[in-house]
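S.K.: Kindly generate the corresponding structure for this input.
(4 chains)
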There are 2 protein chains.
Amino acid sequence: MSQHRPGSTSGPAGAVPALPDLPEATVARLPEYLRALHHCAETGYETVSSEGLAAAAGVNSAKLRKDLSHLGSYGTRGVGYDVALLIDQIEYVLGLTQRRAVALVGVGNLGHALAGYDGFASRGFHVVALFDADPATIGERIHGLQVRHIDELPAVAAETAIAIGVIATPAAAAQAVADQLVAAGVTSILNFAPCVLSVPPNVDVRKVDLAIELQILSFHEHRKSTLTALPGGRAAGTSGQEAVGS
Amino acid sequence: MSQHRPGSTSGPAGAVPALPDLPEATVARLPEYLRALHHCAETGYETVSSEGLAAAAGVNSAKLRKDLSHLGSYGTRGVGYDVALLIDQIEYVLGLTQRRAVALVGVGNLGHALAGYDGFASRGFHVVALFDADPATIGERIHGLQVRHIDELPAVAAETAIAIGVIATPAAAAQAVADQLVAAGVTSILNFAPCVLSVPPNVDVRKVDLAIELQILSFHEHRKSTLTALPGGRAAGTSGQEAVGS
DNA sequence: CGCGATTTGTGCACGTCTTCACAAGCGCCT
DNA sequence: AGGCGCTTGTGAAGACGTGCACAAATCGCG
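M.R.: Here you go, the predicted model:
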C-alpha cells in the first residue's frame, strides 16, 4: 500500500518492469479478475478479500490467491487486496495501459457486430480499421468507420501500428487474410473463422468458434438425457462454470 | 467398416448406446476433429491417418489418437480412420444426430449477428426463437424470425423444447435472463455477457467473452514487446494455436 | 503492549492432461 | 504364404493445474 510503483514483481530493486512468467491458465483468468475488480470499484469497495473476489469471478479462492501471488504480493494479510492497486497491477501485466489498435477483417454478419461491440472499447481496445474483400461492402460506413479493401491493409498498417488483427471472414478466406495480416506485421490474431491457421512461430493466434461451444453443450445435454438416472450426477457447480480459455 | 452400429463403445454387446466417460479436454476437441473430418470428406478422402487429421485439426497426432481411442476402436491399423464412419461416431457422441433447438435472448449488436450466423445451422443447431426486453425491438423480424418479449419465454418453451439458451444481453440483465431460462427448463446456457452466472448444479454454462480473448492476446503482445531480446523465445508453434476451449 | 481474529501466501499432495515410445495389428507386394 | 512397411492403440513418464491446509503477517482492541 505504501509503494505504488507497478512492475516491481521479480526484479531485485524493481527497476525493470520485468513480466513474471505467468502460467497460461492464470493469464486466461486475469481478465475475469479485472472485470470483477472493476465491479467492486464501482460498488464502492476499497479492499476485497480473496474470498469475495473469487466469488465475483466465479473461481476458487485458493486458486485466485495463487494466481495473484504470481504477480507479486499486492495483498495485505488480515485485510485483503487494495482494489485500485490490483486493477492497476493487472492492467499493467496484461498490457492494457497502452491503448491497442485492432483491425477487423470481414464485415459480414459477425464482423458487423464486432465492429460495434462496446466491450472492446471499454477494455482499452480501439477498432481502427475495417477491411473486406467484397466490393459491395467497400465504402460502407459502420459505427463511424469506413470499410476499406483488404489490399489497403499494408498502407493502413504503415501509418497506424496494428496490435491485433481480428478475422471474421468465411473459413475459405481466413488463411489468406492471416497471411496478409502477418505480412503487414501483425503478431496477434483473433480468429473467428472455423478453421486452423498456419502462422509463423512468433505470431499468436487465438480461436473463437461459436459453433464449437454449442457442440460442447450438446454433448453434455446428450449425456444428461441418456443418463436420466442418478440425479446427483456430476455437473457444473453452482457458480462453477467452465471458462472458455481453460 | 463391417459393423456400422453407432454407440458400441463400452457395453458388452453394444446393446446400450452408453456414452463413455470422456475427459473434458477431449470433448472440447471433438468438434474440431469433426470439422476437419467434414473437410476431408468434401475433399474426397475416404480414410485419413491420425497424422493427417491431426494436422488438419491443429493438434498433436498422439493426442488425437488418444482422444479417438476413448470413443472406441474406429481406426484400422496400417490404413487410418474411415472418414464417414468417424463422422457418424463423433456426431453421435456429441448428440448432433438430433437437431437441437436454440433460443437466443438479446438481439442487440451481437445477438443480431448470432441470429443469422450460418455456422449454427450448418452444425445442426436451429435458432427457433428470439427474445428481448426492449419494447423497441419486439416484433422486429430478423433472418425470418420475429423478436418476442422475454416474458413469452415460458409459452414458447412449453410448445418447443429448448435445448440451449444463448444469452447476448448486457451484463446487467444476464442473471435475470439466466434465471428465466432455467425456470423454463433450459439446462444448457451459452453466455456472451461479461459476468458470472449463478445456476443450479444441473445446468451447464459456457461463457464466451470476446474482450477476454483480446486481453489474453494483449498480454502476449506486451510480453513480446518487453522481451525484445532472445528471438527464440517461447511462442505458439507453427500450426500450434491455443484453442479456446483448452 | 500483547492477544486474538482475520486473511494472505505457499508447500504439498492429488488429479488431469500431454507426450513419447513401442507393441500389436493390418494390408500389400513378392 | 511370408515378410515388410505403415498405422493404430496404449502404457508410462513427465508437465501442468488444482485444492487443501497451515504458517506468517497484519489490524484492531482491550
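
S.K.: Other residues contacting the worst-scoring helix or strand of chain A on mean pLDDT?
M.R.: Taking mean pLDDT, DSSP states H and E as the measure, helix A:118-121 is the helix or strand of chain A with the lowest mean score, a mean of 89. Contacts of helix A:118-121 with the rest of the structure, by C-beta atoms under 8 Å, 6 or more residues apart in numbering or on different chains, involve A:102, A:114, A:126-127, B:109, B:194, B:209-211, B:214. The C-beta positions use only the backbone N, C-alpha and C, and glycine is treated the same way.

S.K.: just the helices in chain A please.
M.R.: Secondary structure of chain A, counting by DSSP state H: helices at A:24-43, A:50-57, A:61-69, A:83-93, A:109-115, A:118-121, A:153-159, A:171-183, A:210-226.

S.K.: does chain B sit close to the fifth one?
M.R.: Yes. With C-beta under 8 Å from any C-beta of the partner chain as the criterion, chain B is reached by helix A:109-115 at A:109-110, A:112-114.

S.K.: correct me, but residue A:95 touches residue B:216?
M.R.: No. With the criterion set as C-beta atoms under 8 Å, residue A:95 and residue B:216 do not qualify as a contacting pair; they are 10.3 Å apart.

S.K.: residue in chain A nearest to DNA strand D?
M.R.: Using C-beta to the nearest atom of the strand, the single residue of chain A nearest to DNA strand D is residue A:78, 2.6 Å away.

S.K.: That residue: how many residues sit nearby?
M.R.: Burial measure for residue A:78: 6 neighbouring residues, criterion other C-beta atoms under 10 Å in any protein chain shown.

S.K.: same thing with the one 3 residues further on?
M.R.: Using other C-beta under 10 Å as the criterion, residue A:81 is surrounded by 26 other residues.

S.K.: Lowest average confidence across the helices of chain A, which one?
M.R.: If you rank the helices of chain A by mean pLDDT, helix A:118-121 sits at the bottom with a mean of 89.

S.K.: list the buried ones in that helix?
M.R.: Neighbour-count burial for helix A:118-121 flags A:119-120 (criterion: 16 or more other C-beta atoms under 10 Å in any protein chain shown).

S.K.: Also stretch A:62-77?
M.R.: Buried positions in stretch A:62-77, judged by neighbour count with 16+ other C-beta under 10 Å: A:64-65, A:67-68, A:70-72, A:74-75.

S.K.: any idea how far residue A:190 is from the residue most central in space within chain A?
M.R.: The residue at the geometric middle of chain A, judged as the C-alpha nearest the mean C-alpha position with C-alpha atoms, centre = their mean, is residue A:31 (6.7 Å). The gap separating residue A:31 from residue A:190 is 13 Å, by C-beta to C-beta, to the nearest Å.

S.K.: can you list the residues of chain A near DNA strand C?
M.R.: Chain A has residues A:48-51, A:61-62, A:65-66, A:68-69, A:73-81 near DNA strand C, with proximity defined as C-beta under 7 Å from any atom of the strand.

S.K.: Now with 10 Å, please.
M.R.: With C-beta under 10 Å from any atom of the strand as the criterion, chain A comes near DNA strand C at residues A:47-54, A:60-81, A:86, A:234, A:246.
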